[in-house]
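>>> how would this look folded up:
(one chain, ligands or ions: 2)
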Amino acid sequence: MLSDEAIAVRSALEAQGLETPMLDNGLSRDEKYQKISQLMTEVVSALGLDLTDDSLSETPHRIAKMYVDEIFGGLNYKNFPKIALIENKMQVREMVKVKDISFTSTCEHHFVTIDGNATVAYIPQGRIIGLSKINRIVRFFAQRPQVQERLTQQILLALQTLLQTNDVAVTMEAVHYCVKSRGVMDMNSKTQTTALGGIFKDDGRTRAEFLARY
Ligand SMILES: Nc1nc2c(ncn2[C@@H]2O[C@H](COP(=O)(O)OP(=O)(O)OP(=O)(O)O)[C@@H](O)[C@H]2O)c(=O)[nH]1
Ligand SMILES: [Zn+2]
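Ligands and ions are numbered 1, 2, ... in the order given. A predicted model of the protein is given here:
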């Protein structure tokens with residue numbers, strides 16, 4: 001059973017064409033784990049590694065578990081965080097900003113790590129969200145194969161849906177290990193992506209306040 005929040009967020013992403021491209025292959029969690037474990041046995045063997053070695057023998061199982069339950073756990077809406085929303089009785093009308101939310105994700109082109117920080121803000125309307133839930137939403141969408149642009153947009157739309165306001169902003173800065181540890185092998189570059197809604201898009205001062213470091 002999915003929560004009402006998970007269903008609302010998924011529908012909003014689908015309606016905007018922002019959902020991660022996924023197909024329902026009908027496999028249960030255990031069937032996914034079994035299949036990936038089997039296939040990773042093939043991968044490790046094809047690399048010419050000795051699967052009877054005690055350090056390597058559990059690697060296919062470890063990778064299958066890591067994919068299904070950990071770094072790609074955000075593909076399953078059953079893992080969508082429980083969301084605590086409270087009525088904005090205190091009439092907060094100013095920006096609430098959560099800075100430097102650390103996250104790791106996985107680049108969908110190479111399946112290697114993306115390592116970064118996110119900053120998220122919103123202007124409360126009728127509802128206020130429990131602060132840790134913002135971090136948890138970032139983490140949920142980060143635990144998917146991703147491109148950073150889509151990750152940023154998914155967090156924006158999820159929060160807009162839950163908070164029932166367009167006045168949300170997300171910025172993310174990350175190191176892509178597919179750029180750092182292979183390929184072009186750049187040690188320094190970081191990628192910044194920003195997604196702005198409502199007043200953050202329309203009003204330059206609000207945007208500047210959001211993007212200001214402190
Ligand atoms: N826009 C975007 N591109 C990404 C992201 N993560 C990785 N990429 C890029 O995806 C591209 C894939 O390009 P390809 O030419 O198909 O792959 P490749 O031959 O491995 O490319 P190189 O990384 O240049 O060696 C690369 O340029 C990556 O840097 C991301 O989050 N957003
Ligand atoms: Zn990549």
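>>> Distance of the residue sitting furthest away from the middle of the chain relative to residue 58?
The C-alpha centroid of the chain is most remote from residue 52, which lies 35.9 Å away (CA atoms, centre = their mean). Using CB to CB, to the nearest Å, residue 52 is found at 12 Å from residue 58. Yep, even glycine has a C-beta here, placed from its N, CA and C like the rest.
>>> Residue 46 is in contact with residue 60, correct?
No: judged on CB atoms under 8 Å, residue 60 makes no contact with residue 46 at a distance of 11.8 Å.
>>> which one of these two has more residues nearby?
More crowded of residue 60 and residue 46, by other CB atoms under 10 Å: residue 60, with 20 against 8.
>>> State the distance from that one to residue 166.
From residue 60 to residue 166 the distance is 45 Å (CB to CB).
>>> I'd assumed residue 160 was in contact with residue 195.
No: under the criterion of CB under 8 Å, residue 195 makes no contact with residue 160, lying 9.8 Å away.
>>> phi, psi of residue 30?
For residue 30, the backbone dihedrals (degrees, to the nearest 10) come out as phi -70, psi -40.
>>> any idea how far it is from ligand 1?
31 Å (CB to the nearest ligand atom, to the nearest Å).
>>> What residues does residue 5 make contact with?
Residues near residue 5 by CB atoms under 8 Å, 6 or more residues apart in numbering: 80, 82-83, 162.
>>> between those residues, which is nearest ligand 1?
For those, the minimum distance to ligand 1 (CB to the nearest ligand atom) is 22.1 Å, reached by residue 80.
>>> Neighbours of the nearest residue to the closest one once chain neighbours are set aside, how many?
The shortest distance from residue 80 to any non-neighbouring residue, by CB to CB, 6 or more residues apart in numbering, is to residue 6 (3.7 Å). Applying other CB under 10 Å, we find 20 residues neighbouring residue 6.
>>> hang on, isn't residue 6 packed against residue 76?
No: look at residue 6 against residue 76 with CB under 8 Å: they stay out of range, at 9.7 Å.
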